[in-house]
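Visitor: 3D, please:
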Amino acid sequence: MHASEELVWLDARRHGIVLLRPFLKAGVVAAGGVVLFGVGWPASAAGSVLLVVAALVALAAVWRWDRTHVVVTSEKLFVVQGVVRRRAAAVRLARVGAVEVERTLLGRMLGYGTISAGDLEIRYVPEAEEVCGLVQRLAA
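Guide: Residues are numbered from 1 along each chain as shown. All right, here's what the predicted structure looks like:
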C-alpha cells in the first residue's frame, strides 16, 4: 500500500428523514387523485394523472436520497450528489479547524444532525456525533 492512497472510512446515505416532505407531498397529490378517480369519468382521467405524478414525485425523492452520499476518507469529508450530473462538495481534513454538530430535538430523537466542517455543511447526517468524532480523529 502506498502512503498516498486515500482510504474510505465512511460512505453513508443521508438520514431517511429527508424523504418525509416529498412523501407527504406525494401523499396529498395521490389523495387528490383517488378522490378524482372515485368521482367517475372524466374526472377519473385527471385522477389517474395525479396518481402517476404522485408516484413520480416519490420515486424521484428516493432516487435523490439513494444517490446522495456522505463520505469520509483519510483525507477529505465530502457529500456527493447525483448520477447524470455528479456534484461533490468537499473539505480537506488537514484544513478543518473545528467540526461542529447541530441536532434539533427531532434529530436527537431520530438519530441525525448537521455537520459543519470548515465551509462545508452537511444536513441530515445519520449518527452525526459519531461521524463528527471520526472526522476529528482523522483530522488530528
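
Visitor: hey, let's count contacts and neighbours off CA atoms from now on
Guide: Noted.

Visitor: need the contact list for the closest residue to Leu19 other than its chain neighbours.
Guide: With sequence-adjacent residues excluded and distances taken as C-alpha to C-alpha, 6 or more residues apart in numbering, Leu19 is closest to Ala61, at 6.3 Å. Residues near Ala61 by C-alpha atoms under 8 Å, 6 or more residues apart in numbering: Leu19, Pro22, Phe23.

Visitor: you'd agree the second one is up against Ala55?
Guide: No - with contact defined as C-alpha atoms under 8 Å, Pro22 and Ala55 do not form a contacting pair (10.6 Å).

Visitor: Only the C-alpha atoms, please, for stretch 30-48, written as CSV.
Guide: Below are the C-alpha coordinates for stretch 30-48, written out as CSV (Å, rounded to 0.1, in the frame of the first residue of the first chain):
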residue,chain,number,x,y,z
ALA,A,30,-52.3,10.8,-4.5
ALA,A,31,-55.2,11.5,-2.2
GLY,A,32,-56.5,14.1,-4.7
GLY,A,33,-56.0,11.5,-7.5
VAL,A,34,-58.0,8.9,-5.6
VAL,A,35,-60.9,11.3,-4.9
LEU,A,36,-61.0,12.3,-8.6
PHE,A,37,-60.7,8.7,-9.7
GLY,A,38,-63.7,7.8,-7.5
VAL,A,39,-65.9,10.6,-9.0
GLY,A,40,-66.0,8.8,-12.4
TRP,A,41,-65.4,9.8,-15.9
PRO,A,42,-64.0,12.4,-17.0
ALA,A,43,-62.6,13.3,-13.6
SER,A,44,-61.1,9.8,-13.3
ALA,A,45,-58.7,10.6,-16.1
ALA,A,46,-57.3,13.6,-14.1
GLY,A,47,-57.2,11.3,-11.0
SER,A,48,-55.1,8.8,-12.9
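
Visitor: Give me the contacts around that stretch.
Guide: Contacts with stretch 30-48, where a contact means C-alpha under 8 Å, 6+ apart, come from Val49, Leu50, Leu51, Val53, Ala54, Ala55.
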